[in-house]
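Novice: predicted model and sequence below, questions to follow.
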Amino acid sequence: MRLELRKLIHDKRIRIRHVPVYSCQACKKYELLPLIKPHLLRYIASLGHGTERLKVSFADVNEAAYVLREVFRTYVDESTADEEGQALQARCREAFDGRINMLLDLFSYAQSMRDEEWMKQIEGRLEQLSALKTLIPENSGYFAR
């Protein structure tokens, strides 16, 4: 199964782009990443039960989806398919590490400012990244853009 960003439709009215999923190329089925599912469900609940149609990006509220979207958007490679998967995997690791380092710097600054709320927000973003980053080695070479 490959790691992809997909558009999901909820309740025929909410289109959520940039949702990380595992996708099977043989049977065309996909499943949400288990670590993403609770956050996605909370996000859907926060959108309410109105009747208006919505188009949103999960990358706007989930740090890991944001990093993956940016990697997939900016990654350019002309290698063979196998080499591309490995190069994309390395780029994902690099992007996750860079984002984690940036957030740790922000956390340090928030801590020096004694801003508890900001520190909590940053901790949540770090948890999202750390959880998904652990899956990258597990899916060696299986990324799609």
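Specialist: That came through fine. Keep in mind that this is a model prediction, so the values were computed, not measured. Numbering: from 1, shown residues only.
Novice: from here on, contacts and neighbour counts on C-alpha atoms
Specialist: Fine.
Novice: in this structure Ile9 contacts Val19, no?
Specialist: No. Taking C-alpha atoms under 8 Å as the definition, Ile9 is not a contact partner of Val19, at 10.6 Å.
Novice: of the two, who's got more company?
Specialist: Val19 (24 against 13; other C-alpha atoms under 10 Å).
Novice: who touches the helix or strand harbouring the more buried one?
Specialist: Counting by DSSP states H and E, the secondary-structure element that holds Val19 is strand 14-23. Residues from elsewhere that reach strand 14-23 (C-alpha atoms under 8 Å, 6 or more residues apart in numbering): 1-10, 29-33, 36, 53-59, 65-66, 69.
Novice: now these: which count as buried?
Specialist: Neighbour counting by 16 or more other C-alpha atoms under 10 Å classes 1-7, 30, 32-33, 36, 57-59, 65-66, 69 among the contacts of strand 14-23 as buried.
Novice: nearest residue to the middle of the chain?
Specialist: Nearest to the mean C-alpha position of the chain, counting by C-alpha atoms, centre = their mean, stands Ala65 at 1.8 Å.
Novice: now that one. Nearest residue, chain neighbours left out?
Specialist: On the basis of C-alpha to C-alpha, 6 or more residues apart in numbering, the spatially nearest residue to Ala65 that is not a chain neighbour turns out to be Ala59, at 4.6 Å.
Novice: now swap in His18 and tell me
Specialist: In space, not counting the residues next to it along the chain, His18 is nearest to Leu5; the distance is 4.8 Å by C-alpha to C-alpha, 6+ apart.
Novice: now Ser57, nearest residue through space, not along the chain?
Specialist: Once chain neighbours are set aside, the closest to Ser57 by C-alpha to C-alpha, 6+ apart is Arg17, at 4.6 Å.
Novice: check the one you found and give its pLDDT.
Specialist: Arg17 is assigned 96 on the pLDDT scale.
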